[in-house]
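Enquirer: I would like to see how this sequence folds:
(one chain, ligands or ions: 1)
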Amino acid sequence: MELIYEKSRPGRRAGGVPRHDLPKAEIPAGLRRAVPPRLPEVTEPELVRHFTALADRNFGIDTGFYPLGSCTMKHNPRVNERAAALLGFRDLHPLQEDEGAQGALDLMWRLQAYLAEITGLPGISLQPAAGSQGELTGLMLMRAYFADRGEGEQRDTIVTADTAHGTNPASVTMAGFKLEKVATDERGNLDLSDLRAKVTERTAGLMLTNPSTLGLFDEGIEEVAEIFHGAGALLYYDGANLNAVVGRSRPGDMGFDIVHINLHKTFSQPHGGGGPGGGPVAVRDTIEPFLPSPQVVRDGDVFRLDHDRPKSIGRVRGFAGPFGVFVRSYAFMRAYGPELKEMSDVAVLNANYLLARLRDVFELPYDRHCMHEFVLSARNLKREHGITALDVAKRLMDFGIHPPTVYFPLVVPEALMIEPTETEVKERLDEFVDAMHEIAREAAEHPELLRTAPHTRPVTRLDEVRAAKEPVVRHDFADRATTPAGTV
Ligand SMILES: Cc1ncc(COP(=O)(O)O)c(C=O)c1O
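Expert: Predicted coordinates for the structure are as follows:
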């Protein structure tokens with residue numbers, strides 16, 4: 001496909017800027033452009049076709065089944081876009097004074113109340129813009145909490161599971177803590193004897209996903225909480241997998257002290273390609289004074305942003321947080337109403353249906369019922385036919401299905417991490433099962449077909465190492481040898 005720069009011809013236009021009668025801006029000579037910017041010049045139909053063709057080559061949740069484990073790629077109800085586009089929300093200036101933003105503050109306050117109910121923890125900050133930023137905020141809260149108790153120097157270590165998402169150790173390091181990893185036992189739970197040996201008076205806390213990235217609910221979670229609280233440490237819940245438990249169990253009741261919620265996953269928000277997201281944190285009352293400032297509060301019937309928070313860790317994001325995400329999440333929760341738990345029930349049911357139908361064809365490393373996702377291993381295909389999890393993932397694309405997450409969690413060799421979500425109907429789940437069975441047959445009969453897949457996509461097998469090491473993410477005229485001569 002031609003690049004927009006290759007389509008460009010001098011003098012073609014897709015639109016014009018109206019003439020204005022404003023005085024010329026006084027821009028210092030040193031900051032002025034010497035030559036006009038060199039932009040692609042195309043007609044409007046060419047422009048529309050170009051970007052439509054690009055969009056057609058993309059794959060998204062609106063294109064087909066997208067079982068990307070841990071990412072919770074569920075349908076985003078369109079009505080939420082209507083709500084987010086209401087003029088009073090859409091056109092609100094981020095610096096609007098509180099009196100002129102009562103509706104928006106009201107919505108944020110209500111969203112806080114729902115999140116407090118769902119997590120079982122009373123203090124909420126909506127500021128963090130992603131799960132990973134929620135993690136960093138949570139660790140900063142732990143630091144502030146221990147510093148306030150005079151234990152800031154002593155508590156320098158955070159424990160994570162060996163199944164943890166990569167952002168967990170990254171956040172621990174960014175927050176200036178040391179990292180201690182704990183093993184997983186044969187049932188997929190935290191190994192309690194390894195854990196006991198690693199929790200000391202230097203431990204600040206645990207950072208854990210429950211259900212874990214194996215899609216398994218930790219059966220020893222109450223004992224885990226006792227071990228940490230007994231040592232004076234805190235428990236942080238990585239809420240990326242909250243989609244499995246909403247309305248059924250609450251991190252606060254499990255013993256966690258700080259939680260982040262990935263609004264963009266559990267409460268729907270288009271989030272492929274990196275954003276926008278929302279990662280609010282919920283905390284126990286003992287940690288509430290340290291929450292980021294400002295906080296949304298209610299005085300009688302009036303809502304305001306409270307900046308008077310002397311123990312706060314300060315701002316972690318500009319303005320009041322990713323507001324459009326709040327509107328969509330609030331609308332999503334209201335659409336379910338008190339039956340929000342059905343969302344998690346169906347997510348868990350769909351995952352267990354797939355697990356039951358796939359376990360005969362792929363290896364199942366932990367033989368238990370799963371929560372909202374599960375991890376299979378393509379180890380049997382590798383052993384018998386030299387076919388890897390990557391080959392399976394690439395071949396799925398030829399069936400019009402987005403690959404699952406592969407090679408994660410690291411404790412499972414040739415891992416395929418599958419998360420169907422609650423928004424898929426049985427026919428789509430069955431199509432996925434059929435595709436996986438067909439691929440397993442092909443592995444035995446035509447392994448070469450898998451090794452060279454995909455065959456039907458705009459690009460075939462890529463050199464992924466080179467793509468990561470030498471990414472080409474930008475083109476302009478200077479890069480294009482074919483640029484028509486004389487264009488400016
Ligand atoms: C288990 C887990 N923790 C944390 C994160 C980080 O969340 P975010 O991508 O919003 O930063 C993810 C994201 O995929 C995740 O799956």
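Enquirer: which residues of the stretch 1-150 of the chain lie near the ligand?
Expert: Ser70, Cys71, Ala130, Gly131, Ser132 (Cβ under 6 Å from any ligand atom). Where C-beta positions appear, they are placed from N, C-alpha and C, glycine not excepted.
Enquirer: go again using 5 Å as the cut-off
Expert: Proximity of the stretch 1-150 of the chain to the ligand, by Cβ under 5 Å from any ligand atom, involves residues Ser70, Ala130, Gly131, Ser132.
Enquirer: quick check: PyMOL command selecting the buried ones in the residues you listed.
Expert: Those of those that count as buried under 16 or more other Cβ atoms under 10 Å are selected in PyMOL with:
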select buried, resi 70+130+131+132
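Enquirer: and the furthest pair within the residues of the stretch 1-150 of the chain next to the ligand?
Expert: Pairwise distances across these peak at 13.8 Å for Ser70 and Ala130 (criterion: Cβ to Cβ).
Enquirer: tell me where the protein has strands.
Expert: 123-125, 157-161, 178-182, 203-208, 234-239, 258-261, 281-283, 295-299, 302-306, 374-377, 405-406, 415-418 (DSSP state E).
Enquirer: rebuild those strands as CSV, extending it with mean neighbour count, mean pLDDT and distance to Asn189.
Expert: Compiled in CSV, these are given as follows (neighbours: other Cβ atoms under 10 Å; pLDDT from 0 to 100; distance: least, Cβ to Cβ, whole Å):
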stretch, mean neighbour count, mean pLDDT, distance to Asn189
strand 123-125, 25, 98, 29
strand 157-161, 24, 98, 9
strand 178-182, 17, 98, 10
strand 203-208, 27, 98, 11
strand 234-239, 29, 98, 15
strand 258-261, 30, 98, 20
strand 281-283, 31, 98, 24
strand 295-299, 17, 97, 36
strand 302-306, 16, 97, 41
strand 374-377, 25, 98, 14
strand 405-406, 20, 98, 21
strand 415-418, 25, 98, 18
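Enquirer: check whichever residue of the chain sits closest to the ligand and give its pLDDT.
Expert: Relative to the ligand, the nearest point of the chain is Gly131 (2.5 Å; Cβ to the nearest ligand atom). On the pLDDT scale, Gly131 is placed at 96.
Enquirer: how much space between it and Pro404?
Expert: 19 Å (Cβ to Cβ, to the nearest Å).
Enquirer: equivalent analysis for Ile387, please.
Expert: Ile387 is 15 Å from Pro404, by Cβ to Cβ.
Enquirer: and if you look at His307?
Expert: Distance from His307 to Pro404, by Cβ to Cβ: 45 Å.
Enquirer: picking that back up, who has more neighbours, Ile387 and Pro404?
Expert: Using other Cβ atoms under 10 Å, the more surrounded residue of Ile387 and Pro404 is Pro404, with 28 against 24.
Enquirer: who are the neighbours in contact with the closest residue in space to that one that isn't next to it in sequence?
Expert: Once flanking residues are discounted, Pro404 sits nearest to Ile418: 4.5 Å by Cβ to Cβ, 6 or more residues apart in numbering. Going by Cβ atoms under 8 Å, 6 or more residues apart in numbering, Ile418 touches Pro67, Gly69, Ala351, Leu354, Leu358, Glu373, Phe374, Val375, Leu376, Pro404.
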